[in-house]
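Q: quick one, what's the 3D model for this:
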Amino acid sequence: MTPKAPAKNKPGGDSLARGTIALISVQIAFMAGGYIIHFYLGRSLGPVQYGVFGVVITFLIWVEVSLTGGFPYAIRKFGAEKPESMSAIARAAMRGQLIYSILLCIIAVAASPWIAALLRDPSLTGFLRLASLDIPIFAFYFAYNAVLNGKRLYSRQAIAMSMYAVTKVAAIILLVMLGFGIKGALVGNIIASAGGLMVAFLQVGRLQEAEPYPIRRLISYSGATATLSVCFTLLISVDVFMVKAMSSISAEVGYYTAASTIARAPFYVFLGISMATLPVISRAASESDNSLVRQYVRQAFRLHMLLLAPITAIISGTAVGTVGLLYTNQYSEAGPVLGILITALMMFGFLHTLYNVMVAYGDTHTPVLGTTVLIILNVLGSVVLVPKMGITGAAVAAIITSIIGFFVSSMICKRRLGVFIPLGSVIRIAFAAVVIYTVARFIPLTGIELVGLYIMLFLLYGVVLVVTGEIKRIDIDKVGAAIGLSRKISKPA
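A: This next block holds a predicted model:
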């Protein structure tokens, strides 16, 4: 049966292709900004202080993810299903977001001494409390972003996200340069949230008066998705906490933070795919159009693999040189860890996409349960492996956990929904990734010469995909049409 063609977008909304490209582009810019911040702090603060910053910011991200995965998630889902009720849904969600974010901020500030004690470093208390002041501001920045996403105004959402990224880089670097150290970096993060909120508010405009929307429905759904977001973020962050709690060498936390920062960046970049596909998958699922859901999922998976595989292969193949280029040679011990972690985060990225499919169908219980089990496996793996292998043991525990989670979840999706990854594409993309990884391993360049090698490897990856038939003329035409470079779409041979 031929999948039904996607419905045309409503006036004012961006197409899925254009929206995905816009969000991925801004996520790449955001990643670049994050790289600049972390590489600057790594060089200026040194491994010990940079490790402290890494633990604090990881804690903040973990706390704030409940804000991004709760009411904003509900705005995107229900707003996409009922566009005519977007204003009512957004108003109800904003009220819930206000109460929840203030309560969460109070709890985080009060719990900071206990968290610092758990991580065996009482000096973290003040930093954790300062970082927690960002919570209410970031909560509304992301809520307004969700309104733009639910309305499929991806380009406007990209503008707001860009302002957040630019402000974050400028504020953090300036305050650290002025001598404020870790505290300056955390204040800069707060300033960035305020700047992003201002622009997002202007992009949305004043929400129209509307009949009250039943907030209980939003709370029920938001509670489930927030729990999933918190659990999943802990899943990809718990290794940092384990290294902090178990390592007796302070600098090792800095090394692991450096490796983790580089490894996570591609994962966060390609969340743009999930942000763009969730509204359309939810809409198709609400209409019981399973053939269209399968079409969207296969497209999202293929795009995810096409983009993540080469980055993973290149960074893994040049791990030691990449760390030296970005953080200087004093972080060279992070190289072997990075080579493992980058693959683990790729698998976590695939797992996240599968969870998105389940959530679009209203199943949040399976992802929450699965993530909880994986967290326990990750912690137990670190407890066993870190004493034997040092910080490399935490990375090994992460990759084992990610592989188990992906394969179990893919089987669940296949059995329940008839959704599975395109096997032919997996084989061809994996082959291309192995080719460039092998080439990278046999060309041990360092320093700025690595940039030229990265470019060569990406070109080689593209050539292999074209030769194997994974990339066709129609794919190139679709990308060109999405960004306005071409209006004609070639028919497949």
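
Q: for the lengthiest helix in the chain, the averaged confidence score.
A: Longest helix in the chain, counting residues (DSSP state H): helix 16-68. Averaging pLDDT along helix 16-68 yields 81.

Q: do the same with stretch 405-413
A: On average, stretch 405-413 scores 89.

Q: list the buried residues of that stretch.
A: By neighbour count on 16 or more other CB atoms under 10 Å, the buried set for stretch 405-413 is G405, F406, S409, S410, I412, C413. For the C-beta atoms, the positions are set from N, CA and C on the backbone; glycine is no exception.

Q: keeping just the C-alphas, turn that stretch into PDB.
A: Taking C-alpha atoms only, stretch 405-413 is exported to PDB below (Å, rounded to 0.1, in the frame of the first residue of the first chain):
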ATOM      1  CA  GLY A 405      18.400   0.100  25.100                       C
ATOM      2  CA  PHE A 406      18.400   0.600  21.300                       C
ATOM      3  CA  PHE A 407      17.900  -3.000  20.300                       C
ATOM      4  CA  VAL A 408      15.200  -3.700  22.900                       C
ATOM      5  CA  SER A 409      13.300  -0.600  22.000                       C
ATOM      6  CA  SER A 410      13.500  -1.200  18.300                       C
ATOM      7  CA  MET A 411      12.000  -4.600  18.800                       C
ATOM      8  CA  ILE A 412       9.100  -3.100  20.900                       C
ATOM      9  CA  CYS A 413       8.400  -0.500  18.100                       C
END
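
Q: and the contacts of it?
A: The contact list for stretch 405-413, computed with CB atoms under 8 Å, 6 or more residues apart in numbering, reads 235, 347-348, 350-351, 354-355, 357-358, 366-367, 370-371, 374, 419-421.

Q: how does it look with 10 Å?
A: Stretch 405-413 has contacts (CB atoms under 10 Å, 6 or more residues apart in numbering) with 232, 235, 297, 301, 346-355, 357-358, 361, 363, 366-367, 370-371, 373-374, 377-378, 419-421.

Q: in this structure, which residue is closest to the centre?
A: Against the mean C-alpha coordinate of the chain, by CA atoms, centre = their mean, the closest residue is Y268 at 2.5 Å.

Q: quick one: the helix or strand containing that residue to helix 16-68, angle?
A: Taking DSSP states H and E as the criterion, Y268 maps to helix 250-269. With axes from the mean of the first three to the mean of the last three CA atoms, to 10 degrees as the basis, helix 250-269 and helix 16-68 are set at 140 degrees to each other.

Q: list the buried ones in helix 250-269?
A: Within helix 250-269, judged by 16+ other CB under 10 Å, the buried ones are 251-269.

Q: of the contacts of stretch 405-413, grab the buried ones for ChimeraX.
A: Listed next is the ChimeraX selection for buried residues among those, using 16+ other CB under 10 Å:
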select :232,235,297,301,346,347,348,349,350,351,352,353,354,355,357,358,361,363,366,367,370,371,373,374,377,378,419,420,421
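
Q: so where's the stretch 151-300 of the chain shaky on pLDDT?
A: 152, 207-214, 217, 221, 225, 269-290 (pLDDT under 70).

Q: now do the helices in it.
A: With DSSP state H, counting those that start in this stretch, the ranges of helices along the stretch 151-300 of the chain come out as 154-177, 181-204, 215-246, 250-269, 271-286, 290-317.

Q: tell me which of those sits nearest to T125.
A: helix 181-204 (12.8 Å; CB to CB).

Q: and the closest one, what other elements does it pack with?
A: On a contact count with 3 or more CB pairs under 10 Å, 6 or more residues apart in numbering; DSSP states H and E, helix 181-204 meets helix 16-68, helix 124-132, helix 135-150, helix 154-177.

Q: tell me what angle the first one forms with helix 135-150.
A: I take that to be helix 16-68. 150 degrees.

Q: ok, back up a step: distance between the helix holding Y268 and the chain's centre?
A: 14 Å (CA atoms, centre = their mean, to the nearest Å).

Q: just stretch 53-66 next, same as before
A: For stretch 53-66, the distance to the chain centre is 13 Å (CA atoms, centre = their mean).
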